[in-house]
Structure formats: structure tokens, C-alpha cells
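[1] sequence and computational prediction follow.
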Amino acid sequence: MKSDEKAIGIFDSGLGGLTILKAVKKLMPKENIIYFGDTAHVPYGSKSKETVTEYSLNVAKFLESKKVKLILVACNTASALALPTLKRHIKVPVLGVITPGAACAVNTTKNKNIVVLATEATVKSKAYIKSIKRTDKSISVTQYACPLFVPIIEEGLALSDISRLAIKKYLTPLKGGKADTVILGCTHYPVIKNEIAEFLGKKIMLVDSAEEIAKRAKDLLERKRILKTKGKGKTQIYASDLPERFSRLALNIIGGKRLKVKESRFFI
Ligand code: DGL
């Protein structure tokens with residue numbers, strides 16, 4: 001297979017990475033994509049570094065076995081905890097979502113006050129704080145873990161009263177605070193972006209990594225001269241458990257026709 005024909009591999013613990021898949025497809029519609037949702041192990045955000053690293057490495061190796069040309073870690077938790085290990089063990093380039101998200105926030109904030117909303121594991125890693133401070137030490141960064149958002153979204157309850165209650169519970173402390181920029185530091189959170197925006201009000205800018213990582217992926221493929229420029233892109237989706245359920249819930253995020261989702265239980 002010619003290098004440009006090879007797919008871009010994208011993975012997350014579950015549905016959240018589909019927000020990245022959407023941005024990648026929008027920017028590079030001709031690319032073939034293989035997406036993996038590790039539904040057997042979701043959520044990653046309440047697990048240890050060792051466990052998340054093992055799961056992520058298994059998924060990345062699966063994608064590598066499918067001969068992908070690039071892997072996008074469409075999960076902040078895996079990017080925060082496992083990226084160096086993935087880069088060491090995987091032969092194709094691997095891009096995470098933290099650096100692009102942090103860069104986007106640094107460019108957005110006017111008053112140098114940023115809030116990060118993320119999983120417990122991402123918050124504990126301080127990955128966003130480190131990445132932002134590397135660019136500008138004078139920026140103040142406050143983090144909030146929002147552990148209920150992922151299960152709510154994975155249950156298909158994004159637009160429910162439960163979701164609104166969780167938003168109120170986690171985000172009330174932000175109201176009236178100094179931050180002008182809030183990072184949605186989990187790829188699941190853009191699914192409830194409108195509801196978060198409505199709660200926080202117009203003065204706060206919400207940023208996520210989706211467009212920025214898609215741009216970085218495109219630049220890399222262009223530089224390596226392996227960007228696919230002809231034909232229509234095909235998307236294949238795998239889940240490590242309950243593919244039918246994944247396919248049904250994915251519709252809420254990517255819309256369009258219901259996708260066929262293959263099951264791969266290779267490492268359970
Ligand atoms: N969507 C993921 C993230 O960006 C993982 C969430 C989880 O599985 O807890 O962190």
C-alpha cells in the first residue's frame with residue numbers, strides 16, 4: 001500500500017475522540033481513518049498512570065498492526081499519562097492533544113487566567129499547567145476535575161437534566177472568577193460544549209484541541225509528503241466492547257448515517 005493511502009489511527013477510551021475524528025475529517029476529507037474506542041476500559045480518567053499506559057499501548061499497537069501512518073491520541077488522559085511511552089514503542093509518529101489544546105488557550109486568553117476542566121488523572125498529572133507554563137510562565141492556571149461528565153456522555157445523557165446538574169455542580173465555582181478562557185481538557189467535553197457555554201456566559205472563551213490537532217496532523221503529513229490528496233476517505237471504527245451500543249451512541253456526536261462498528265477484544 002502506498003504511504004499516503006494508509007489510514008490515520010485515532011483512539012480514545014470511548015466516544016470522546018469522535019470530536020477529534022470530526023475535526024480531522026473536516027480538514028482532511030480524503031484521508032482514510034481507523035478509529036478505536038476502548039469501551040471495555042472506559043473511563044480512563046479515574047485510573048492509574050500504569051493502567052492507562054498499558055491500555056493505550058495495546059490500542060496503539062493494534063492501530064500499528066493495521067499499518068496506520070500516524071496515530072492521534074484523541075484522549076487527554078492518555079496524552080497526559082502515556083505519550084512518552086507510546087512514542088518510545090510505536091514506530092509511526094504519535095501526536096497527543098495536550099500541547100495543541102494548551103497552545104490554543106495561550107493564544108486565546110487576554111487576561112492570562114486559564115481554567116482547565118479535565119478528568120481526575122489529567123488534573124493530577126498537571127500536564128496542561130506544565131505545557132502552558134513552558135510557553136508563558138506568567139499565566140495563571142486553575143484546574144477542576146469533572147469526573148461525572150464522561151459517564152454521563154457515555155450513557156447518552158449529554159442533553160439531560162443530569163448533565164445540567166453536573167455542569168452546575170462542577171462549574172459554579174468558576175462563575176465570577178478571573179478566568180477568561182476555559183480549556184475543555186477531555187475530548188468528551190465538547191459534546192456538552194453548548195451547555196457549558198450557556199452556563200458560563202458569553203465572556204468566557206471555551207477551547208478544545210480538536211481543530212488544532214487536526215491542523216498539526218495535516219502539517220506533519222504534508223511535511224512527510226504522505227497527505228492523501230485523491231479519492232474519498234473511508235472511516236473504519238472499532239470498539240473493544242459492545243460495538244452496537246457504540247454505534248448507536250456515536251450518532252449523537254457525529255450525526256449522519258449509523259456507522260458499522262467492528263469489535264476487537266484482542267487484549268481483554
Ligand atoms: N476522553 C478522554 C480524555 O480526553 C478520556 C475520558 C475518560 O475515559 O475518562 O481524557
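    Structure's in. What do you need?

[2] the stretch 51-200 of the chain: helices as residue ranges?
    Secondary structure of the stretch 51-200 of the chain (DSSP state H, counting those that start in this stretch): helices at 76-89, 98-108, 120-125, 127-135, 149-154, 161-171, 193-200.

[3] residues from the stretch 101-250 of the chain in reach of the ligand?
    Contact residues, the stretch 101-250 of the chain versus the ligand (CB under 6 Å from any ligand atom): 119, 122, 150, 186, 187, 188. Just so you know, the C-beta spots here come from the backbone N, C-alpha and C atoms, and that holds for glycine as well.

[4] hang on, the earlier thing: for residue 22, which of the helices of the stretch 51-200 of the chain is the nearest?
    Closest approach to residue 22 among the helices of the stretch 51-200 of the chain is made by helix 193-200 (12.2 Å; CB to CB).

[5] contacts for the next helix or strand after the closest one?
    Moving toward the C-terminus from helix 193-200, the next helix or strand (DSSP states H and E) is strand 205-207. Contacts with strand 205-207, where a contact means CB atoms under 8 Å, 6 or more residues apart in numbering, come from 101, 104-105, 108-109, 180-184, 193, 196-197, 200.

[6] counting contacts, what elements does the helix or strand following strand 205-207 pack onto?
    Using DSSP H and E, the helix or strand that directly follows strand 205-207 along the chain is helix 210-223. Contacts defined by 3 or more CB pairs under 8 Å, 6 or more residues apart in numbering; DSSP states H and E place helix 210-223 against helix 18-27, strand 70-73, strand 94-95, helix 98-108.

[7] for the first one, packing partners?
    Think helix 18-27. Counting by 3+ CB pairs under 8 Å, 6+ apart, helix 18-27 packs on strand 8-12, strand 33-37, helix 210-223, helix 243-254.

[8] where does pLDDT dip in the stretch 151-268 of the chain?
    Confidence mapping of the stretch 151-268 of the chain against pLDDT under 70 gives the ranges 266-268.
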